[in-house]
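[1] show me how the following folds:
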Amino acid sequence: MIKNRSLLDNVTLFFKGLLMGAANKVPGVSGGMVSFVLNFYEEMIYSFQKVNKKAFKLLLNGRFKSFHNYINGDFLFLIIAGNVVSYFSISLIIDYYLLHYELYVWSVFFGLIIGSIYYISKGFDDWTSKNITASIIGISIGVAISFMNPAKGNDNLWFVFFCGIIGVTGMTLPGLSGSFILILLGNYVLLLVDSVTELYNTIIEILTGDFSFISNPPRIRYLQIITVFTAGSTFGLVVTSHILGYILKRWHQLVTALIIGFITGSLGIVWPWKNVIYKIEDGHFLFGKMGNKVVESYQRYLPNFTSTETWYAILFIFLGFLLVLILDYYGQKLRARKAKR
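    Predicted coordinates:
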């Protein structure tokens, strides 16, 4: 599974990490789905699975090179680095377009998910009754999740740690959006918007020699929250990767059918034509604010086909679908070129 990669391979892998990080940030879109479509999902699960007792023994014994090779360190570094950089770059761009061109952004994601369903399904021909049942279960769970209403936010650190464990499922389980799960748990704004922004501001201040944040209690609280959330995410990532690695090894076709179902069910989350219903959450810690605007639910509606905006949205759906086909085409060419070496 561990591969020798060229410089171009490394740059490509970092770029894939960027896309995965951007997907993880958007509610309704699964970073795991991106890794599945871009053909590095199984290597990612395998690599995180290698973060185990043997790896820690190598690390504690000072065998750093062996540790690096054992956990497929180059791969993990590039994917994680791409995800982290994305949170301060691509995902911020997506946030901007979601704010100003929400319908078209959701349309692109809707098309991407339809394309992903096509991409995964076209290579899957084992539609036994067991696998069909698994796919139906996946669809049912995805649809059920998409119609759940969010809970009230909670900045208790134990709950934040739990959010990290649950939220990272979007990275390891295609079709299940970790960021949407955080919305349901009530902590999306706190963990993926406000805390990330405050971490970014802190890094900038440190680089300019400004350490005034040390005497800023709200900023320290945010840093505690993002640290605990990261710890929970790391713990969840390793644990779920071990579980998924075990399951994939023994029931690969069944899991693939379930993933197809999850992704299909998630179409309800990214349905472009919807109004967001907000609520004001009282008593939140954030900078001493008395309230915080958070998502309460989505009000979906059918498109008006007499509207020019609707046809633009449909065009963006096709563009999203086309993007997956283009990625698939170049992925096949790249694999064919490697096979000739």
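
[2] neighbours around residue 274, how many?
    17 (other Cβ atoms under 10 Å). From N, CA and C alone the C-beta is placed, and that goes for glycine too.

[3] residue 177 reaches residue 29, doesn't it?
    Yes - in this structure, residue 177 is within contact of residue 29 by Cβ atoms under 8 Å, at 5.8 Å.

[4] and residue 97, how far is that from residue 194?
    20 Å (Cβ to Cβ, to the nearest Å).

[5] over to residue 126?
    Taking Cβ to Cβ, one finds residue 126 at 45 Å from residue 194.

[6] same check, this time on residue 98
    16 Å.

[7] more crowded one of these two?
    A direct count of neighbours by other Cβ under 10 Å for residue 98 and residue 194 places residue 194 higher, at 20 against 17.

[8] pretty sure residue 299 sits in a strand.
    Yes - judged by DSSP: H, G, I helix; E, B strand; the rest coil, residue 299 forms part of a strand.

[9] nearest spatial neighbour of it, chain-adjacent residues omitted?
    Leaving out its chain neighbours, the residue that sits closest to residue 299 by Cβ to Cβ, 6 or more residues apart in numbering is residue 275, at 4.4 Å.

[10] output the below-cut-off pLDDT ranges for the stretch 201-341 of the chain.
    276-298, 330-341 (pLDDT under 70).

[11] do the same with the stretch 1-150 of the chain
    Looking along the stretch 1-150 of the chain with the criterion set at pLDDT under 70, you get 1-5, 27-28, 91-92, 95, 149-150.

[12] for this structure, which segments are assigned as strands?
    274-282, 291-300 (DSSP state E).

[13] residue 232 and residue 182: what is the separation?
    In terms of Cβ to Cβ, residue 232 sits 11 Å off from residue 182.

[14] who touches both of those two?
    Common neighbours of residue 232 and residue 182, using Cβ atoms under 8 Å, 6 or more residues apart in numbering, are 163, 167.

[15] send the alpha carbons of stretch 8-21 over as CSV?
    Coordinates of each C-alpha in stretch 8-21 appear next as CSV, following Å, rounded to 0.1, in the frame of the first residue of the first chain:
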residue,chain,number,x,y,z
LEU,A,8,4.2,15.5,-9.2
ASP,A,9,2.5,12.8,-7.2
ASN,A,10,3.2,14.6,-4.0
VAL,A,11,1.9,17.9,-5.3
THR,A,12,-1.2,16.1,-6.6
LEU,A,13,-1.8,14.5,-3.2
PHE,A,14,-1.5,17.8,-1.4
PHE,A,15,-4.0,19.3,-3.8
LYS,A,16,-6.4,16.3,-3.1
GLY,A,17,-5.9,17.1,0.6
LEU,A,18,-7.0,20.7,-0.1
LEU,A,19,-10.1,19.6,-1.8
MET,A,20,-10.9,17.1,1.0
GLY,A,21,-10.4,19.9,3.6
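
[16] ok, residues contacting that stretch?
    3, 5, 31, 34-35, 38, 40, 74-75, 78-87, 89-91, 171.

[17] mind listing what's buried in that stretch?
    For stretch 8-21, the neighbour count (16 or more other Cβ atoms under 10 Å) marks 9, 12-14, 16-21 as buried.

[18] out of those, which is nearest to residue 45?
    residue 20 (13.2 Å; Cβ to Cβ).

[19] give me the buried positions along stretch 119-136.
    Within stretch 119-136, the residues scored as buried using 16+ other Cβ under 10 Å are 119-121, 131, 134-135.

[20] please report the distance of the residue lying closest to residue 272 once chain neighbours are set aside from residue 316.
    Counting by Cβ to Cβ, 6+ apart, residue 272 lies nearest to residue 106, which is 3.9 Å off, once chain neighbours are set aside. Remark: distance between residue 106 and residue 316 (Cβ to Cβ) = 9 Å.
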